[in-house]
Each structure stands twice: as structure tokens, then as C-alpha cells.
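Undergrad: Take a look and give me a structure for this.
(2 chains)
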Protein chains: 2
Amino acid sequence: MRKPKVSVFKIGGGIIDHAPDLQEFLRQFSQISGLKILVHGGGKGASQMLEKLGLTPQLVNGRRITDAATLDIVSMFYAGKTNKQIVAALQHIGINALGLSGADGNVIQAVKRPVRDIDYGFVGDLSEASINAPLIQGLLELGLTPVFCPINHDGQGQLLNTNADTIAASVAKALSTNYEVELHFCFEKNGVLRDVNDEQSVISKITPADYAELKRRGSIAAGMLPKLENAFDALNYGVEKVIIEHALHLSGPLKTELCRS
Amino acid sequence: MRKPKVSVFKIGGGIIDHAPDLQEFLRQFSQISGLKILVHGGGKGASQMLEKLGLTPQLVNGRRITDAATLDIVSMFYAGKTNKQIVAALQHIGINALGLSGADGNVIQAVKRPVRDIDYGFVGDLSEASINAPLIQGLLELGLTPVFCPINHDGQGQLLNTNADTIAASVAKALSTNYEVELHFCFEKNGVLRDVNDEQSVISKITPADYAELKRRGSIAAGMLPKLENAFDALNYGVEKVIIEHALHLSGPLKTELCRS
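TA: This next block holds a predicted model:
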């Protein structure tokens, strides 16, 4: 029997920070047929709120250091504001969305990142065992569209901030046992670009061999590297298709598809 | 066939504001056998945060006026902080909790309160049709314990702040068609007191006739009146039992049970 199809979409802060773009993405997302899941990242709102409250956001290599006070604010912002606004907006346009942190139904259980050179604070990493695929399947079977925010828990009562790309890839991998999964990373560019200044220079297909060559030549933007690592890892694990595309042109011709070979 | 039993517990700000009390309540709640649901109110944290951000909480007759900026903060606080901390704490003690705002799965759809003498702002009222009982039943059947925060939506993309007593009573009523429902209002007193200064003066049973008499004599604390109205309304609608009790003595002997006659 053919597995049912499910599409996992991830959007980041660049879209979330601009309300009209977010609405337009959600409109396009609502048009996608079949089962679907949305994973959203953070955005600048939480940092602005930290500043208003007199807390200075700490970043090391572009990653936020999440102390207890910061965790409080980012949990509120991501789980209480961004997530609920997205869910309410999707409900309005006919999508039966249900917002989730990892704590809800123990749907994602993370592990606090071990301290090595840097103490990232209350940041969670995911493993193969982190995702509660039967619950996600149960929610999909109730006709719901799960919407994940980047806040998880450790099973010991502690919330943990987690990278949204990692959540999307982990959910996609975990569902690939019972579903034909398409994983979509949506952002503010048309895909992986040959020339970061030319939006038309989208590379339409990338194999692992292409990726190695592009990396060797140094022609991939630094921010794109972890996304591609996550993506190939998901493909190798059994995810059917990974697409990197513009969040506002989901049905457009320009996009990058990653291929197993 | 006998209907399955479900217990709906409501806790308010007095318990939520004191972390050790909240933990103790959650521990006792986790010991309750059978299907259960938790509804939590707000608490002082959101007001403190509004003040830190330079926004002055506005109260009229003890009810918050919820303007757009206030709604943003209370949504974050109730849905993103209080709700997620309760869910994570329950997961830690073995209860498979799942946090919900009304927008999630369209589980509660409220109506913005019409402006009469006072414009309460983004405050939602509930009607018989507000509660999505089939979804709650679906979640219970997945083995989940729903945890409701006092934020709902209007189905048009707008979040609305809603009184938690009203949510608890409405959920209890809606479930009474398919379940034998016990509704528990838990707070910082042992029940409805004959003498508000004597914790031992708990009235163990109140019928509608008793209630009318107590009201006539003016011997019920003002804050208790809407709780009792909600409670008798729920009983009349088909809820099996309504109990008013101390949040930290769920299995204690002192409590008030409301009776249909």
C-alpha cells in the first residue's frame, strides 16, 4: 500500500517579522493539498522584547545564549504570541491548525545541550527518539494541522529553546516511516543561489556530489550550510523530497530540490 | 451504557502566582483517577509584565480592560508561559498534558463582548456553540489531558481574553452530553464559607434554594457569586457534580458540593 503523503513546511524569522508576508505565506500554505505540518522559528520580536525589559540578547556565532530570563521571554513570545497568532490566522482561512510546543503531549522531548566550549543555556538538541510520531499521526487523523513553535521540553519539567530547522527535519524523518514526506524549507530567497546577489541564479537540483563540490568551491552562503546538512540527513533517513524555496512563491517555478543521487 | 467519567478542574491566579502551591496542586491533580481536564486562569505575572513594559493594567469592577497591547502580553503570558510551564510540569509527573488556547483546533470559539456601558476590549464571551466537544473527546481518546489557558479566538483571526471560570463551566456543560462530568473550582479557601474569616465554616452542600437564601442574606462573598451562578448553570445543563474546594486539599474532607435540589 502506498503511504499517505504529508508536507512539512518550515518558516523562519524573516517571514514572521513582516506581518503581510506572514499572512501571504499562510494563504499559500492553506492552498497546499493533503496532510500538512508547519514549523516556525523565532524572529526579532523576542529580542526587541528582551531589550524593552532591559535584558541584552546574547548571541555567539549567530546562536542565542538562552539564560533563564531569556527562556521565559522567548517561550512567551514563540509559544504564546507567534504560535497562537499563526494558529488563529490559519483557522480564519479554513485550516484546522493546532499549536504545539514539544511539551504538549510530549510531542518533542529534547536534551539540554551539553556544555563544551560554550554554555548555550536552556537550548535543546534533538535525537532520533525525540519525536512522538504516533501522537503527530493521531492529530493528523483528527483532521488537524500541527503548528510547531521552537520551544520543547526535557521531560523533567524544563522548557528548552530549539532550532526550528532541526525540528522540521526531525519531524520529517520521524514521520517517514509511515508517510511519504516532503520537507520544505521556506525563506526570503528563491532557493539555493549560485550567486547570492542574483535571485534568478537558483540551482534547481543538488545531489550530495554537487553539494560536496559547491562546498569545496565555497560558493554556498554560510547560513545555508546547516540547512543543507539537515536536508541531506533527512533525505538519507527516508524523507522523500526536500525543497528549499521562497516562502511567498510556494507554487512558483524557481526552487531548489535536493536529490539523493 | 454508563457514560465515561471526566473531571474538569479550574485553578485561578492565587495558586498560579505561588510556584510551590502550583506544584503541589499539580501533584494532587496528577493523582486523580480517570479522564481529566485542567483550566487555568491568569495571575499577577501578566500585570507585572505590563507594568515593566510601561503599560498600565486597567481594571473596571475587577475585570481587565484588554486593549491590543494588553492582549499581546496576556496571550504571551497565559498561553506561552503559564500554560507551557504547567504542561511541562505535568509531563514530568507522568500526566500526558496538552496545552490549548481556543484557537488550537478551534476548540473554543468566543464572541467579542459587545460594547454597552463599558468597552472591555479584546474580551471573549462564550455561548453553547463555543465548545468543540468532539475535538476534546478526540484528544481524551488519544490519552491526553487537555490544559486550557484563558485565551480564545473569534474564528476571524482575532485572539480574545476569556474568564477561566466561564471556560471551565462551558467545557463541562459541552462534555456532559457524552460524559458524566464533575466540575471542580479550586482556589485558596476550603469551599464556600459561612464566615469568610473562618476556614472551618465550610457549607458542605448548597441547593438552589439554599443559594437564594444565602444571597438574600448577603452572606456570600461577592467574588463567589459569579462562580456559583456558573456552577448552578452547569448543574442545570447536565453536569453531574460541581465542587468548590481548596486547590491544595483535593482529597480533604472540607469542600462545598452544589446540588440540583
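
Undergrad: Hmm, A:Lys3 is touching A:Leu175, no?
TA: No. When contacts are counted by C-beta atoms under 8 Å, A:Lys3 is not listed as touching A:Leu175 (9.5 Å). Backbone N, C-alpha and C define where each C-beta goes, glycine included.

Undergrad: Residue of the stretch 101-250 of chain A nearest chain B, please.
TA: A:Gly157 (3.8 Å; C-beta to the nearest C-beta).

Undergrad: show me the contacts for that residue.
TA: Taking C-beta atoms under 8 Å, 6 or more residues apart in numbering or on different chains, we find A:Gly157 in contact with B:88-89, B:91-92.

Undergrad: Can you classify it by secondary structure?
TA: coil (DSSP: H, G, I helix; E, B strand; the rest coil).

Undergrad: Below-threshold pLDDT in chain A: ranges please.
TA: A:62-63 (pLDDT under 70).

Undergrad: Can you pull the residues of it lying near chain B?
TA: A:52-53, A:72, A:75-81, A:83-85, A:87-89, A:91-92, A:96-99, A:101, A:103-106, A:135, A:138-139, A:142, A:144, A:151, A:153, A:155-159 (C-beta under 8 Å from any C-beta of the partner chain).

Undergrad: By neighbour count, sort out the buried ones in those residues.
TA: Buried members of these, scored by 16 or more other C-beta atoms under 10 Å in any protein chain shown, are A:72, A:75-81, A:83-85, A:87-89, A:91-92, A:96-99, A:101, A:103-106, A:135, A:138-139, A:142, A:144, A:151, A:153, A:157-159.

Undergrad: returning to what we had before: higher neighbour count, A:Lys3 and A:Leu175?
TA: A:Leu175 (25 against 13; other C-beta atoms under 10 Å in any protein chain shown).

Undergrad: pretty sure that one is touching A:Leu135, no?
TA: No. With contact defined as C-beta under 8 Å, A:Leu175 does not reach A:Leu135; the gap is 11.2 Å.

Undergrad: Now do the SS call for whichever residue of the stretch 1-150 of chain A sits closest to chain B.
TA: For the stretch 1-150 of chain A and chain B, the shortest gap (C-beta to the nearest C-beta) falls at A:Gly80, measuring 2.1 Å. Under the three-state scheme (three-state DSSP), A:Gly80 adopts helix.

Undergrad: All the helices of the stretch 51-200 of chain A, residue numbers only.
TA: Counting by DSSP state H, counting those that start in this stretch, the stretch 51-200 of chain A has these helices, from start to end: A:68-75, A:83-92, A:133-141, A:164-175.

Undergrad: Can you say which of those is nearest to B:Asp119?
TA: Closest to B:Asp119 of the helices of the stretch 51-200 of chain A is helix A:83-92 (C-beta to C-beta; 21.2 Å).

Undergrad: which helices and strands sit right next to that closest one?
TA: helix A:19-31, strand A:35-40, strand A:97-100, strand A:145-148, strand B:151-153, strand B:159-161 (3 or more C-beta pairs under 8 Å, 6 or more residues apart in numbering or on different chains; DSSP states H and E).

Undergrad: nearest to B:Glu128, of the ones you listed?
TA: strand B:151-153 (14.9 Å).

Undergrad: so does the closest one get close to chain A?
TA: Yes. Using C-beta under 8 Å from any C-beta, strand B:151-153 comes into contact with chain A via B:151, B:153.

Undergrad: Give me the helices and strands touching that strand, please.
TA: So strand B:151-153, by 3+ C-beta pairs under 8 Å, 6+ apart, packs with helix A:83-92, strand B:159-161.

Undergrad: For these, give me a markdown table that also has distance to A:Lys112.
TA: Formatted as a markdown table, those follow (distance: least, C-beta to C-beta, whole Å):
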| stretch | distance to A:Lys112 |
| --- | --- |
| helix A:83-92 | 22 |
| strand B:159-161 | 31 |
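
Undergrad: Out of those, which gets nearest to B:Phe187?
TA: So among the helices and strands packed on strand B:151-153, strand B:159-161 is nearest, using C-beta to C-beta, at 19.7 Å.

Undergrad: Could you check how far the closest one is from the centre of its chain?
TA: From the chain centre to the centre of strand B:159-161 is a distance of 15 Å (C-alpha atoms, centre = their mean, to the nearest Å).

Undergrad: What lies in contact with it?
TA: With C-beta under 8 Å, 6+ apart as the test, strand B:159-161 has contacts from A:84-85, A:88, B:64, B:66, B:71, B:74-75, B:101-103, B:110, B:112, B:122-124, B:150-154.

Undergrad: In the sheet, which strands lie alongside the helix or strand containing A:Lys10, parallel or antiparallel?
TA: Assessed by DSSP states H and E, A:Lys10 sits inside strand A:5-11. Strand A:5-11 sits in its sheet next to strand A:35-40 (parallel), strand A:180-187 (parallel), going by DSSP bridges.

Undergrad: contact partners of that strand?
TA: Strand A:5-11 is contacted by residues A:22, A:25, A:29, A:32, A:34-41, A:140, A:164-165, A:167-168, A:171-172, A:175, A:179-187, A:247 when judged by C-beta under 8 Å, 6+ apart.

Undergrad: Quick check: phi and psi at the closest residue to A:Glu188 other than its chain neighbours.
TA: For A:Glu188, ignoring the flanking residues on the chain, the nearest one in space by C-beta to C-beta, 6 or more residues apart in numbering or on different chains is A:Gly14 at 4.4 Å. Main-chain torsions, A:Gly14, degrees, to the nearest 10: phi -60, psi -30.

Undergrad: for A:Val107, same thing?
TA: Dihedral angles (degrees, to the nearest 10) for A:Val107: phi -70, psi -30.

Undergrad: quick one: it and A:Ala133 touch, right?
TA: No. Counting by C-beta under 8 Å, A:Val107 stays clear of A:Ala133, with 9.2 Å between them.

Undergrad: Would you mind telling me which of these two has the busier surroundings?
TA: Comparing A:Val107 with A:Ala133 by neighbour count (other C-beta under 10 Å), the higher total belongs to A:Val107, at 23 against 16.
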